[in-house]
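Chemist: Next input, structure requested:
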Amino acid sequence: MKLHTLLTAVFITGHFFISAQNIPQGTSGTKRLEAHAQREALKESSLFSHLAFTNIGPSIFSGRIVDVDVNPARPSEMYVAYASGGLWYTDNNATTLTPVFDKEACMTIGDIAVNWGAGIIWVGTGENNSSRSSYSGVGIYKSTDKGKTWKHMGLTESHHIGRILLHPVNPNIVHVACLGALYSKNDNRGVFSTSDGGVTWRHSLFVNSTTGAIDLVTDQSNPNVLYAATWDRSRRAWNFTESGTGTGIYTSTDSGRTWKQLTVQGSGFPTGIGAGRIGLEIVRSRNETILYAVIDNQYERPAKPKEGDLITKAELNEMTSDSFLKLKDDQIKKYLASNDFPDKYTVDTIRNLIKSGTIKPATLVEYTQDANSKLFETEIIGTEIYKSIDHGKTWTKTHQGYLDGIFYTYGYYFGQIRVSKTNPQKLYLLGVPVLKSDDGGATWKSIEGDNVHGDHHALWVNPKQEGHLVLGNDGGLNISYDDGANWIKCNQPAVGQFYSVNVDMAEPYNVYGGLQDNGVWVGPSTYQANVEWHSSGQYPYKSIMGGDGMQIAIDTRDNNTVYTGFQFGNYYKTSRNGDGQDVRITPVHDLGQRPYRWNWESPVHLSLHNQDILYMGAEKVFRSFDQGKNFKPISGDLTKGPKEGDVAYGTLVSLHESPKLFGLIYAGSDDGYIHVTRDAGLHWKRISDQLPQDMWVSALQSSSHNESRVYASLNGYRWDHFDSYVYMSNDYGDTWTRICTDLPTEPVNVIKEDPVNPDILYIGTDHGLYISLDRGKHSMLMGDMPYTPVHDLVIHPRDKELVIATHGRSLYKADVSKVQALNATNTDSLTCFDEKLSINHSSRWGSRSATWRDYYEPTVTFPVYTPVAGDAVLKSLFR
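Modeler: Numbering: from 1, shown residues only. Now for the predicted structure:
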């Protein structure tokens, strides 16, 4: 094997990103395109580019769809865009779908547009929903052959694309709404236009460095008239400002050359710091043009009149202890119940704590106040629908009162409105539910069915057949032919967005995984995609937890006891086969303490030394000796502390105990700290000062071969910083060496050491899977998987299979038993495994039982590794 010539990794002695003035800087799109070329080169030179990977599903719940584009002349033909699962094509009404966008620089998509007449597909990369896992793109792509080949057409620094608008007649005229970077400021945002098919672009609408364009519509009767929605938003790992003064609606009457803002004071449309994401729709009605707009109105609601004698948090914050003690028992009881206080805090307990001076009334408010409460409990105006019949000069709200239960407080995740082209009074609104209005938005009703997932992002309304809808949401694709009264679910592709994966020791072993908005599932590792389960009614995978599924630990003594949960540390002890109750195990703070800070994906870890011992991580490490019944903290705060914001931060995100030594534990935080204890938590030492600062510690791996060895990966995604960082220490983290320095510029999510071969490392990044045979000196792309994010890995210790959790294409597995026999020296010559492989002859070979059946032609596969390309001679012995 010809290895790349590289500089030797050197000992890290400097500090990186150590101050607010020197935070990680955003990575350019140009550099990321260069990284794609490097990825392709690593694939070309890899020994493992043809290693067989098997997708083991599941597909029943699909994954987040961001757009659908349907051929109006032949509506069984469509393209379906998944947030991180790429672009898929079907010409049989989604009975089957085929991926057509797997090998470009990135697979994350914000919007697509298809010129069905000219056969041109446009793909805007970078998801537009601005969630914590909305991956950044590298501009816009174009295909003229149904996705067989693609050409990058620029807008490289746009990061996230909100909408692509095609001219109804001229295929060379395209307008693009670019959102810009999510976690940093940049100027490549706003509206861009081309009149030469994407060869050149004109940046025609720019507001400021935090405001991008999220939507575009045109008057089909006069395509020179455009309407654009801009959105001022700024995300950090600890806070999301999802509204601002840059938000507004603009119009152009000269095909995007010049723009005029329509939403000004006096227009009737919300403006200012509370104006959030906007979605637009346009329709002709007789001789007038009607504009509809949905807005996420982030302004706070007027305070509600007090209901009866209920205590409010505002009152408690100002209340004296004497006044509190005069409250009725029922008032205190209702407050405790409505705020989910543990049962141990009875009315008498609270009174005694107040009377003794142990706590103050305000302590009851502090007990429930964390970053999540700022996001979910803030009373905002929320979803509003507006209408204009004078080309956007003035606007009127279509409804009375509030539209609750649609966007809630996270309207940044939605913002799509549609209208029937034959009935301008019929509207469709996409949020957590999908709603329909038959009276121009005055009243609304749900059109969700039992088989329709929540959180909706895409809807195609057939302009020629009333009631025909194609809907995309966090659970995949649905089709209706009766205006939402009934839906067909079309979840054929395996496009699940996994956060985590784990395995048990059953025979055959089971695979467990947690997914974005689809809970935690378990299924057999032998799963093969087919539709036979439609006959039995028994899908091989089973759900064991709802919500956003997170990490999983399995007690392999019974292969049934499972510890798992959903976002922000809500963890439970449950069972694989459903024979027990879900028992909440999350540690709870005491009155007088601030709430624990739980990450979106809080770590849970089961000790290999005694599987009664369970660890969990908030801002500190907790340990239970009795299967989660009782937890005690074994550390102080191992982060830099909380930051003011509406997202939990200053939290632990990585936790790993050494397989070789009980009590040797490593903990990593979202703000860049790594700590180690070598005495089961009595003492902790910070070991990350030599490493790049302020980075997400995406993975820690204590070696199963060398007690003092540990691996760490750092991730800068939440700074729009996309370099790859992998480190190794041979002295418990006292000193670090950067390894895998030949990886492309793409954030690293996970690193795993092979349990058999100490020189082999597996690395999962935002764009695929890599392997090193020499402990990080050189890296190779592994397998022919799509370039989708790899979030987690696990190697089954008995069956020697690598299971890969992707955030966009569900689960894969590969047999690595032969790989484990390789190292950096024995790959210089041809290596043939299973040399004594034999197959018994059968008289059935070459026959078929009926003329309409296929011939019986068995195959056998065996791996061969060779350092060079060329022809090979295969000799077979018959006897």
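
Chemist: who touches the closest residue to R189 other than its chain neighbours in this structure?
Modeler: Excluding the flanking residues, the one nearest R189 by Cβ to Cβ, 6 or more residues apart in numbering is G180, at 2.8 Å. Bear in mind the C-beta positions are built from the backbone N, C-alpha and C, glycine included. Applying Cβ atoms under 8 Å, 6 or more residues apart in numbering, we find G180 in contact with S158, H159, H160, N186, D187, N188, R189, G190, S209, T210, T211, G212.

Chemist: just L280 next, same as before
Modeler: So L280 contacts D215, L216, V217, Y227, A229, I249, L291, Y292, A293, I417 (Cβ under 8 Å, 6+ apart).

Chemist: For it, name its beta-bridge partners.
Modeler: Listed by DSSP bridges, the beta-bridge partners for L280 are A293.

Chemist: I'd like the numbering to begin with 44 instead of 1 from here.
Modeler: Shifting the count to begin at 44 puts that one at L323.

Chemist: any idea how far it lies from A336?
Modeler: Distance, L323 to A336, using Cβ to Cβ, to the nearest Å: 6 Å.

Chemist: Please enumerate the shared neighbours of these two.
Modeler: Common neighbours of L323 and A336 (Cβ under 8 Å, 6+ apart) are A272, I292, I460.

Chemist: So for the helix or strand where the second one lies, mean pLDDT?
Modeler: Assigning secondary structure by DSSP states H and E places I292 in strand 291-295. Here the mean pLDDT over strand 291-295 is 99, rounded to a whole number.

Chemist: Quick check: D110 touching I152?
Modeler: Yes: taking Cβ atoms under 8 Å as the definition, D110 is a contact partner of I152 at 7.0 Å.

Chemist: who touches both of these two?
Modeler: With Cβ under 8 Å, 6+ apart, D110 and I152 have common neighbours A124.

Chemist: okay, now V862: neighbour count?
Modeler: Neighbour count for V862, taken as other Cβ atoms under 10 Å: 24.

Chemist: Next up, the contacts around it.
Modeler: F91, L94, I803, I814.

Chemist: got it, and E200?
Modeler: Contact analysis of E200 by Cβ under 8 Å, 6+ apart lists S71, G72, T73, G182, N229, N231.

Chemist: What distance do you get for it to A80?
Modeler: Distance, E200 to A80, using Cβ to Cβ: 17 Å.

Chemist: returning to what we had before: buried subset of the contacts of G223?
Modeler: Buried members of these, counted by 16 or more other Cβ atoms under 10 Å: S201, H202, H203, N229, N231, R232, G233, S252, T253, T254, G255.

Chemist: what ranges do the strands span in the stretch 94-243 of the chain?
Modeler: Counting by DSSP state E, counting those that start in this stretch, residue ranges of the strands within the stretch 94-243 of the chain are 97-98, 108-113, 121-125, 129-133, 141-142, 152-158, 163-168, 183-186, 194-195, 204-209, 217-221, 233-237.

Chemist: Out of these, the one nearest R329 is which?
Modeler: R329 lies closest, by Cβ to Cβ, to one member of those: strand 204-209, at 24.2 Å.

Chemist: Run the chain-centre distance for that closest one.
Modeler: Put simply, strand 204-209 sits 22 Å off its chain's centre (Cα atoms, centre = their mean, to the nearest Å).
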